[in-house]
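1. How does the following fold in three dimensions:
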Amino acid sequence: MATERSDVRSSSAEIDIHAAKLTKQFGDQYAVKDVSFDIPRGKIFGFIGPSGSGKTTAVRLLTGIYPPTAGTARVLGVEPMNFTQHLREEIGYMPQLFALYPDLTVWENLNFVASLYGMNFVTRRKRLRELLEFVELDKDRRKLARSISGGMQRRLTLAATLAHDPRLLFLDEPTAGIDPVLRRKFWDHFKTLQDSGRTLFVTTQYVGEAAYCDYVGVMTRGQLVLVETPQGLRKRAYGGELVDIVFKDSVSERRHLQPLQQFDFVQKQLPRAVQRTGRHNARIVVDDAGAALPALMKWFGDQEIEIENIEEHVPPFDDVFVEIVSKAEAEMDAAEANHG
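-> Numbers count the residues shown, from 1 in each chain. Sure thing, here's the model as predicted:
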């Protein structure tokens with residue numbers, strides 16, 4: 001699975017984040033290599049990949065913390081190393097590590113961050129109360145930041161990132177260490193921000209959160225493997241959509257599997273487009289499960305082949321991610337061996 005440039009823009013969309021062959025080297029090691037994509041305004045872009053795959057480095061390049069070794073990036077139309085103070089006020093950045101003041105209270109930290117953006121006292125007080133309630137720290141506002149748990153520090157950092165109501169957000173693993181109920185609450189809020197026109201760039205260690213994104217970029221070994229919609233990720237991982245069949249009788253190659261190859265919707269170019277998965281079970285890869293299911297049911301009826309169940313199999317994103325990354329890394333290994 002070769003690294004490719006990914007362009008998710010529509011013809012009329014404004015691009016908030018642009019990267020072209022963005023590269024960062026530390027010594028002779030590539031942390032990020034030839035990463036290219038465009039993110040339209042008002043979209044949620046998820047960035048997933050194994051630990052050490054380059055996600056955080058990419059965020060630091062896009063926020064101007066690191067200068068690129070090669071390639072270019074433009075955020076809100078400006079190269080990150082040339083951000084003005086005014087432009088930085090349009091951007092919210094939540095780092096992976098806790099970067100607030102441990103000897104200030106939760107409230108004092110938020111109040112200090114908000115004051116940096118010139119919010120007046122009345123507006124600031126109302127805004128901070130709302131944020132503390134949102135991240136469920138309102139009862140802990142008088143506690144020193146050093147005394148609260150790591151998960152609570154993540155919640156405080158998110159609140160600080162949102163304090164000035166930025167129009168573009170870079171969130172580096174915002175839900176790490178957060179319980180599932182609160183994670184869902186955060187994503188509901190991210191969708192609300194999107195609905196108000198905000199653009200969000202979110203890295204995550206929870207692969208299932210890809211479902212909340214408009215587009216998902218998959219990173220491994222510093223390279224961007226692909227950018228796709230969540231549904232597109234599944235298709236790219238398996239070569240199409242999956243249909244599972246449970247036959248009443250034991251699966252026969254001649255009676256059950258071979259005839260399925262006749263259908264145009266079966267992805268016959270794949271080596272295992274039709275395969276037995278159990279004594280009574282088979283799985284086929286099709287281009288559109290919604291269209292394939294009624295056609296298959298009719299054919300089984302016409303052939304008097306009894307089935308107990310037939311349905312689309314929607315693989316969990318964890319499986320999709322493993323499939324995509326393992327294929328990409330195998331191709332990288334093969335390419336490296338050929339060059340060696």
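
2. unless I'm mixing things up, P68 is touching Q25, no?
-> No - the criterion here is CB atoms under 8 Å, and P68 misses it with Q25 at 9.4 Å. (C-beta placed from N, C-alpha, C; glycine too.)

3. who has more neighbours, the two?
-> Each of P68 and Q25 has its neighbours counted (other CB atoms under 10 Å); P68 has more, 20 against 14.

4. list the contacts for the more buried one?
-> If you count contacts by CB atoms under 8 Å, 6 or more residues apart in numbering, P68 has them with L22, T23, K24, L61.

5. Next, the buried residues of stretch 308-323.
-> Residues of stretch 308-323 classed as buried: I310, P315, F317, V320, F321, E323 (neighbour count, 16 or more other CB atoms under 10 Å).

6. now do stretch 330-340
-> M332.

7. Send me that stretch as PDB with only the CA atoms.
-> This file holds the C-alpha atoms of stretch 330-340, laid out as PDB (Å, rounded to 0.1, in the frame of the first residue of the first chain):
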ATOM      1  CA  ALA A 330       4.700  -5.100   4.400                       C
ATOM      2  CA  GLU A 331       5.000  -3.000   1.300                       C
ATOM      3  CA  MET A 332       7.500  -0.700   2.900                       C
ATOM      4  CA  ASP A 333       9.600  -3.700   4.000                       C
ATOM      5  CA  ALA A 334       9.500  -5.100   0.500                       C
ATOM      6  CA  ALA A 335      10.500  -1.800  -1.100                       C
ATOM      7  CA  GLU A 336      13.400  -1.400   1.400                       C
ATOM      8  CA  ALA A 337      14.600  -5.000   0.600                       C
ATOM      9  CA  ASN A 338      14.500  -4.300  -3.100                       C
ATOM     10  CA  HIS A 339      16.500  -1.100  -2.700                       C
ATOM     11  CA  GLY A 340      18.900  -2.900  -0.400                       C
END
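
8. In the contacts of P68, find the pair that's most separated.
-> Comparing all pairs in these by CB to CB, the longest separation belongs to T23 and L61, at 8.9 Å.

9. Which neighbours do those two have in common?
-> V32, P68.

10. Looking at these two, which is more packed in?
-> Neighbour tally, T23 and L61, criterion other CB under 10 Å: the higher count belongs to L61, 26 against 18.

11. For the more buried one, list the residues it contacts.
-> A19, L22, K24, V32, P67, P68, A73, P80 are the contacts of L61 under CB under 8 Å, 6+ apart.

12. so which helix or strand takes in it?
-> helix 55-62 (DSSP states H and E).

13. At which residues are the helices of the stretch 51-200 of the chain located?
-> Assigned by DSSP state H, counting those that start in this stretch, the stretch 51-200 of the chain shows helices spanning 55-62, 85-88, 106-116, 121-134, 150-162, 180-195.

14. How far does the first one sit from its chain's centre?
-> Think helix 55-62. Its chain's C-alpha centre and that of helix 55-62 lie 14 Å apart, by CA atoms, centre = their mean, to the nearest Å.

15. and if you look at the fifth one?
-> Relative to the centre of its chain, helix 150-162 is centred 20 Å away, using CA atoms, centre = their mean.

16. Just want the most central residue of the chain.
-> The centre of the chain sits closest to G46, judged by CA atoms, centre = their mean, with a distance of 2.6 Å.

17. and that one, what does it touch?
-> V202, T203, T204, E209, A210, Y212, C213, Y215, V216, G217.

18. mind redoing it with 7 Å?
-> V202, T204, E209, A210, C213, V216 (CB atoms under 7 Å, 6 or more residues apart in numbering).

19. Then G49?
-> With contact taken as CB under 7 Å, 6+ apart, G49 is in contact with K55, V218, M219, T220.

20. do the same with V59
-> Per CB under 7 Å, 6+ apart, neighbours of V59: F170, D172, T203.

21. same deal with V266?
-> So V266 contacts L260, A273, V274, I284, V286 (CB under 7 Å, 6+ apart).

22. Could you give the bridge partners of the third one?
-> If I follow you right, that is V274. Using DSSP bridges, the bridge partners assigned to V274 are I284.
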